[in-house]
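Trainee: following is a predicted model, sequence given first.
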Amino acid sequence: MSELFDLAGKVALVTGASRGIGEAIAKTLANSGAHVIVSSRKIEGCQTVVDRIISEGGSAEAIPCHIGDIEQINSIFKHIEDRHGKLDILINNAATNPYFGHILDTDLSAFQKTVDVNIRGYFFMSVEAGKLMKKQGGGSIVNVASVNGVIPGHMQGIYSITKAAVISMTKSFAKECAPLNIRVNALLPGLTDTKFASAITTNPAIKKMALEHVPMKRSAEPNEMAGAVLYLASQASSYTTGTCINVDGGYLTV
């Protein structure tokens, strides 16, 4: 493996890592040598991923955390500092999209839940990770945003709004944290075949409509997102901060 992508000795936290894109990222970081903290709301799914990583010779542990809950955010970072004394990589991947429908019908509960997880959660995960990284002299934060943050998704108004906020958040953290040697970048996935996107991928008519705007004419597999994240988490991107990498089959070129 190229030294540019070698994560040996690094500690990485991946949220929303019990399945889908998060699971693919966790496995890729572990395969590159990192000790990966696999996190999601429920410990069972996390432990399954950890067991797979360990069975393949990697190093990992499972810690549950609901990033919509500030107390749980504080708890996971206390655990990381007490046990590892550092955090080199944070992948903010956990997100929610409880409402699929016309924006005028968005109720307060769906609005609040989406904002609490996708904006407040990402923000304070980044704050706590940044504090640890500042102490150790640097680190890398990668926010999983979405192409919907650039072009709002059909019937996905509040989700798209929060992902636009994540893009802005990425640039704000990058600018202020660069002097601390903390790099902050974002991945913008296109339509990916995950349970999270099932409202689109399992509806033939909606999926057909979505793929009409994708030059590659297919949805992505979760593993196709992991390579870009490895780049952003590793020394290969040592002079890259505040950027957004589109992994979207060409969607944003149309």
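Mentor: Looks like it arrived, so ask away.

Trainee: by contact count, what packs against the longest helix along the chain?
Mentor: Assignment by DSSP state H gives helix 157-177 as the longest helix of the chain. Under the contact definition 3 or more CB pairs under 8 Å, 6 or more residues apart in numbering; DSSP states H and E, helix 157-177 sits against helix 108-115, helix 122-136, strand 139-144, strand 182-189. In short, each C-beta sits where N, CA and C put it, glycine included.

Trainee: among these, which is nearest S234?
Mentor: Evaluated with CB to CB, those place strand 139-144 nearest to S234, the distance being 7.8 Å.

Trainee: quick one: strands adjacent to the closest one?
Mentor: strand 89-92 (parallel), strand 182-189 (parallel) (DSSP bridges).

Trainee: list the buried residues for stretch 223-232?
Mentor: The neighbour-count check on stretch 223-232 (16 or more other CB atoms under 10 Å) flags E224, M225, A226, A228, V229, L230, Y231, L232 as buried.

Trainee: out of the strands paired with strand 139-144, which is the most enclosed?
Mentor: Using mean count of other CB atoms under 10 Å, the stretch among the strands paired with strand 139-144 with the largest mean neighbour count is strand 89-92, at a mean of 28.

Trainee: and the spatially closest residue to I245 that is not a sequence neighbour, helix, strand or coil?
Mentor: Using CB to CB, 6 or more residues apart in numbering and skipping the chain neighbours, the partner closest in space to I245 is A228 (4.8 Å). What DSSP: H, G, I helix; E, B strand; the rest coil gives for A228 is helix.

Trainee: what sits against I151?
Mentor: I151 makes contacts with Y251, L252, as judged by CB atoms under 8 Å, 6 or more residues apart in numbering.

Trainee: make 5 the starting number, not 1.
Mentor: Okay, using 5 as the starting number, the last item reads as I155.

Trainee: quick check: it vs Y163, distance?
Mentor: Relative to Y163, I155 is positioned 13 Å away (CB to CB, to the nearest Å).

Trainee: check the nearest residue to G13 once chain neighbours are set aside and give its pLDDT.
Mentor: In this structure, G13 finds its nearest non-sequential neighbour in G37, 7.3 Å apart by CB to CB, 6+ apart. G37 carries a pLDDT value of 98.

Trainee: so what's G37 up against?
Mentor: G37 neighbours (CB under 8 Å, 6+ apart): M5, D10, L11, A12, G13, K14.

Trainee: cool, E228 as well?
Mentor: Contact partners of E228, counting by CB under 8 Å, 6+ apart, are T196, V251.
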